[in-house]
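Student: Kindly generate the corresponding structure for this input.
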Amino acid sequence: MKIASVAIFTLVALPVFLTSCKKEGCTDETANNYSSKAKIDDGSCTYTVSSTSNYTIPTTYTFTDVNGNNTVDYSGQTERLNQLSEIIELVESGKTGAINSQDLLDMYVNTGGNGNNNFSFSSSKQLKDKTFAPDQSFVETLLQNAATASLSYNQTAQSGQAGVLTTGTKSYLIDENGMDVAEVIEKVIMGSVFMNQALNVYFGAEKMNVNNTTAVDPTAGKYYTTMQHHWDESFGYFGVSTTFPSTLPTSFWGKYCNSQNTSLNSNADMMNNYLKGRAAIGANVLLDRDAAIEAIRKEWEDISANQALTYLNLAITSFGTDNAKYFHVLSEAYGFCYNLRYSPEGTRRLNNTEHTALMSLFSTNFWDMTVGDINSIKAVLTAKY
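Tutor: Below you'll find the model as predicted:
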């Protein structure tokens, strides 16, 4: 990413007879390149200018140009969030009847612009082409697995046997390995599409080092610059309203951000940085934009890790006493642990090797897992978060 900085140079004329062997360099402790070893200031100090005094940060995600035209558009992201909602709705219907795997695959790729008549709306967008490429086949396998599990909707799930488990008024479709298929599909798409696109793609150099001077196409109502639009698309994948956290979401990342708010202050942290970064782009203060990106990336990772810990603790509580709840929350914990792989390498706490080791602690068959296994997963997370 480009960093905005201003270099200030001070020219100091020294008589020739005053030269000595003392080390020259930057002696100003407030400078970027301050050297504690320097005894003589050689005028090389550089300073980074970062100030919100040059622009106003709004309290809601509302941005306009000088003529009052709306410059925010993340409609494509909203459509993909709605697509996932309806995919999960169909998967959950597998608790009471068999579902067709092709229907789920058609929805994932959005066949015909309406999921082959499985969506309640039309859209030119799809989830598959925005999925982290190495995970596309994994998502398709999960969708097919859900359809297979639904064939046993009239069975009670047990090790090696898909079926349904019930606790109170809630029922869950569980595959033969103890996975709540709806939860795993939802969480993996939340990570491989929403989180990855927001943090790696739209906050990446290719999307951020772009035009920020002219509107894309005012005649077509596109009053935003390319950089502004990319920022908005990242915000769209976060999935909250423009008035968040005054208005709280009920699904996807916004829901879990709010779930972790008490311990992380995540609602204000996420929204304030999304507002600050967008306002900074409008003022072309790219240093502030970059600081907001780093803060959002770290906070999003914290949300996923801490939500995983929340579900792991719930799994321990229900272990051996409530199978329905146990496999439901363990599946959610699996999904949030899996999603840590989408944290950008520059800020992530678990490297690829460590993440692979973390996921290996989940047994292929959840029915085989013990409280000790769950505590081992918790130990890895608590050591990093």
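Student: After the host helix or strand of S263, heading C-terminal, what element do we hit next?
Tutor: Secondary structure from DSSP states H and E places S263 in helix 261-264. Following helix 261-264 in sequence order, the next helix or strand is helix 266-283 (DSSP H and E).
Student: Kindly provide the whole-number mean pLDDT of that next one.
Tutor: Over the span of helix 266-283, the pLDDT mean works out to 98.
Student: Can you spell out which helices and strands pack onto the following helix or strand past that helix?
Tutor: The helix or strand immediately downstream of helix 266-283 is helix 286-318, counting by DSSP H and E. Here helix 286-318 touches helix 252-259, helix 261-264, helix 266-283, helix 323-338, helix 371-384, going by 3 or more C-beta pairs under 8 Å, 6 or more residues apart in numbering; DSSP states H and E. Heads up, the C-betas are built off the backbone N, CA and C, glycines and all.
Student: residue contacts, the residue nearest to A283 when sequence neighbours are not counted?
Tutor: In this structure, A283 finds its nearest non-sequential neighbour in Y55, 3.5 Å apart by C-beta to C-beta, 6 or more residues apart in numbering. Shown in contact with Y55 (C-beta atoms under 8 Å, 6 or more residues apart in numbering): 279-280, 282-283, 285.
Student: just to revisit the earlier point, any idea which of the helices and strands packed on helix 286-318 is most buried?
Tutor: Most buried of these by mean neighbour count (mean count of other C-beta atoms under 10 Å) is helix 323-338; its value is a mean of 24.
Student: Enumerate the positions of the next helix or strand after that one that are buried.
Tutor: Next helix or strand after helix 323-338 toward the C-terminus (DSSP H and E): helix 352-360. Neighbour counts over helix 352-360 (16 or more other C-beta atoms under 10 Å) mark 355, 358 as buried.
Student: which residues touch the residue nearest the centre of the chain?
Tutor: Compute the mean C-alpha point of the chain, and by C-alpha atoms, centre = their mean the closest residue is M195, 2.8 Å away. Going by C-beta under 8 Å, 6+ apart, M195 touches 237, 253, 300, 304, 339, 342.
Student: let's go with 10 Å and repeat that
Tutor: Contact analysis of M195 by C-beta atoms under 10 Å, 6 or more residues apart in numbering lists 132, 187, 189, 237-238, 252-253, 297, 300-301, 303-304, 339-343.
Student: Please apply the same query to Y256.
Tutor: Counting by C-beta under 10 Å, 6+ apart, Y256 makes contact with 187, 190, 239, 249, 266, 300, 303-304, 306-307, 310, 332, 336.
Student: Which parts of the stretch 51-200 of the chain are strands?
Tutor: For the stretch 51-200 of the chain, the strands defined by DSSP state E, counting those that start in this stretch cover 163-167, 170-174.
Student: Now do the first one against helix 286-318, angle only.
Tutor: Meaning strand 163-167. Using axes from the mean of the first three to the mean of the last three C-alpha atoms, to 10 degrees, the inter-axis angle of strand 163-167 relative to helix 286-318 is 90 degrees.
Student: If you count contacts, what does strand 163-167 end up packed against?
Tutor: Contact partners of strand 163-167 among helices and strands, from 3 or more C-beta pairs under 10 Å, 6 or more residues apart in numbering; DSSP states H and E: helix 136-150, strand 170-174, helix 323-338.
Student: Point out the one among these that comes closest to V216.
Tutor: Checking those against V216 by C-beta to C-beta gives helix 136-150 as the closest, at 29.0 Å.
Student: wait, which of the strands of the stretch 51-200 of the chain is closest to T262?
Tutor: strand 170-174 (23.9 Å).
Student: Give me the nearest residue to T247, chain neighbours excluded.
Tutor: In space, T247 is closest to S241, 4.4 Å off (C-beta to C-beta, 6+ apart).
Student: Report the buried residues of stretch 233-249.
Tutor: Going by 16+ other C-beta under 10 Å, stretch 233-249 has these buried residues: 233-240, 244-245, 249.
Student: list the contacts for L350?
Tutor: 301, 305, 337, 340-341, 343, 356-358, 380-381, 383-385.
Student: at 8 Å what do you get?
Tutor: 340, 343, 358, 380, 384.
Student: any idea how far it lies from A147?
Tutor: 32 Å (C-beta to C-beta, to the nearest Å).
Student: in the stretch 1-150 of the chain, which ranges drop under the pLDDT threshold?
Tutor: 1-34, 36-53 (pLDDT under 70).
Student: chain center to stretch 240-260, what's the gap?
Tutor: 13 Å (C-alpha atoms, centre = their mean, to the nearest Å).
Student: so for that stretch, what's the average pLDDT?
Tutor: On average, stretch 240-260 scores 98.
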